[in-house]
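got a predicted structure plus its sequence, pasted below:
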Amino acid sequence: FFFFNDTATTEIYTEQIVGSVRCVQETDPIYSGCEYRTQEESEQMLEAILNWVPVFDDYNVDTVFENHVHAFKRTKPLKASRYSPDNGTVYLGDGAWGAPINNCKKDTSEIFEEQESKHHAWIGRVYVDKIEYQAFDIYGNTFNRFIQVKQQQS
């Protein structure tokens, strides 16, 4: 799923993929699993919440894969930064990809389903009506899994 610099192009492209799984990969997390942040990181997160979250919500993005913090996290389904069990976006990630793990203090916000300082990778199995996600540790063991029922596209 791609977002373009202008809304009209995004809307034209989106009309062609109705019914598809909609996932986004980004570098800096919108919802970091770590409580501490620099002033610059806090400003970047706020900017992303104000500018990107509404776009993800409007286009019914199923999942956002986030990186950079180097710690495992999974949010609850969110819409407008609030828990929305029926039509929210799940934010996964911060997987380290072989880099040192960040043993930061966990963010205690209620938006998080799970958090842990652990190397991992996600695998998603896509079906017509759902996506099954599994998080694997460096030894290949599944330590987290969940099923996301696909959102109804508008």
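That came in fine, so what should we check first? Values in this document were obtained by computation on a predicted structure and should not be read as measured data. Numbering: from 1, shown residues only.

contacting residues around the residue positioned nearest the centre of the chain?
With distances taken as CA atoms, centre = their mean, residue 91 lies nearest the centre of the chain, 2.0 Å away. Residue 91 makes contact with 29-31, 63-64, 66, 73-75, 78, according to CB atoms under 8 Å, 6 or more residues apart in numbering. (C-beta placed from N, C-alpha, C; glycine too.)

now residue 123
Counted by CB under 8 Å, 6+ apart, residue 123 has contacts 133-134, 136.

doesn't it belong to a strand?
Yes. Read with DSSP: H, G, I helix; E, B strand; the rest coil, residue 123 is one of the residues of a strand.

can you redo the contacts of residue 123 as a markdown table with pLDDT?
A markdown table is the format used below for the contacts of residue 123 (pLDDT from 0 to 100):
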| residue | pLDDT |
| --- | --- |
| 133 | 92 |
| 134 | 94 |
| 136 | 89 |
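
possible to save the residues you listed as JSON lines with secondary structure, neighbour count and distance to residue 55?
Shown next, in JSON lines, are the contacts of residue 123 (DSSP: H, G, I helix; E, B strand; the rest coil; neighbours: other CB atoms under 10 Å; distance: CB to CB, whole Å):
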{"residue": "133", "secondary structure": "strand", "neighbour count": "18", "distance to residue 55": "22"}
{"residue": "134", "secondary structure": "strand", "neighbour count": "15", "distance to residue 55": "28"}
{"residue": "136", "secondary structure": "strand", "neighbour count": "16", "distance to residue 55": "30"}
